[in-house]
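Chemist: Need coordinates for the following:
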Amino acid sequence: MRDPGVYLEDMIGACEQIMVFSRGISDEALVAESTTTRGAVLYQFMILGEAANNVPDGWKERYPDVDWSRIVGMRNVVAHYYFGLADQMVIDTVRTDVPVLLPRLNEMLAAIDQEYPRL
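Modeler: So this is what the prediction gives:
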């Protein structure tokens, strides 16, 4: 079993990568199938959702303001129903949800590190 902090680190890394990949590009370029940006962002959504799925339930319960099921659901859509993925959902998630989620994940990681110091 991995340390719960490792899953949060994976989530933080995915959010940071999404923000880097999408910085300075238009919404149209973000979702254009002809660009590598879309693929890179969608891959990070899969990492984000997979890591969220593995955060222990006790930690998820401590942070009910994080929509865990929606994060995991996005991963499932990207992985299994990519053909039904709405461009506006990707844009909204990248532009609005990820920038709000990232600081919260950092707070959670700090709390875990304080409660369970790692080497």
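
Chemist: For the chain, which residue occupies the most central location?
Modeler: Leu48 (3.5 Å; CA atoms, centre = their mean).

Chemist: I'd say that one and Met11 touch.
Modeler: Yes: with contact defined as CB atoms under 8 Å, Leu48 and Met11 form a contacting pair (5.5 Å). For glycine as for every other residue, the C-beta is placed from the backbone atoms N, C-alpha and C.

Chemist: hang on, the earlier thing: quick one: pLDDT of the residue nearest to the centre of the chain?
Modeler: We have a pLDDT of 98 for Leu48.

Chemist: again, but for Asp113
Modeler: 80.

Chemist: Spell out which helix or strand contains it, please.
Modeler: For Asp113, the host element (DSSP states H and E) is helix 98-115.

Chemist: Tell me which other helices or strands that helix touches.
Modeler: helix 4-22 (3 or more CB pairs under 8 Å, 6 or more residues apart in numbering; DSSP states H and E).

Chemist: quick one: buried residues of the helix it packs on?
Modeler: The neighbour-count check on helix 4-22 (16 or more other CB atoms under 10 Å) flags 4-5, 7-12, 14-15, 17-19, 21-22 as buried.

Chemist: Can you tell me which one of the residues you listed sits lowest on pLDDT?
Modeler: Taking the buried residues of helix 4-22 together, the minimum pLDDT is found at Pro4 (82).

Chemist: any weak-confidence spans in the chain?
Modeler: 1, 117-119 (pLDDT under 70).

Chemist: any idea how far the closest residue to Glu9 other than its chain neighbours lies from Trp68?
Modeler: Of all residues not flanking Glu9 in the chain, Leu109 sits nearest, at 6.6 Å (CB to CB, 6 or more residues apart in numbering). Distance, Leu109 to Trp68, using CB to CB, to the nearest Å: 15 Å.

Chemist: ok, now Leu101?
Modeler: Taken as CB to CB, the span from Leu101 to Trp68 is 11 Å.

Chemist: Show me which of the two is the more surrounded one.
Modeler: Leu101 (21 against 17; other CB atoms under 10 Å).

Chemist: these two touch, right, that one and Cys15?
Modeler: Yes: contact status for Leu101 versus Cys15: in contact at 6.0 Å, counting by CB under 8 Å.
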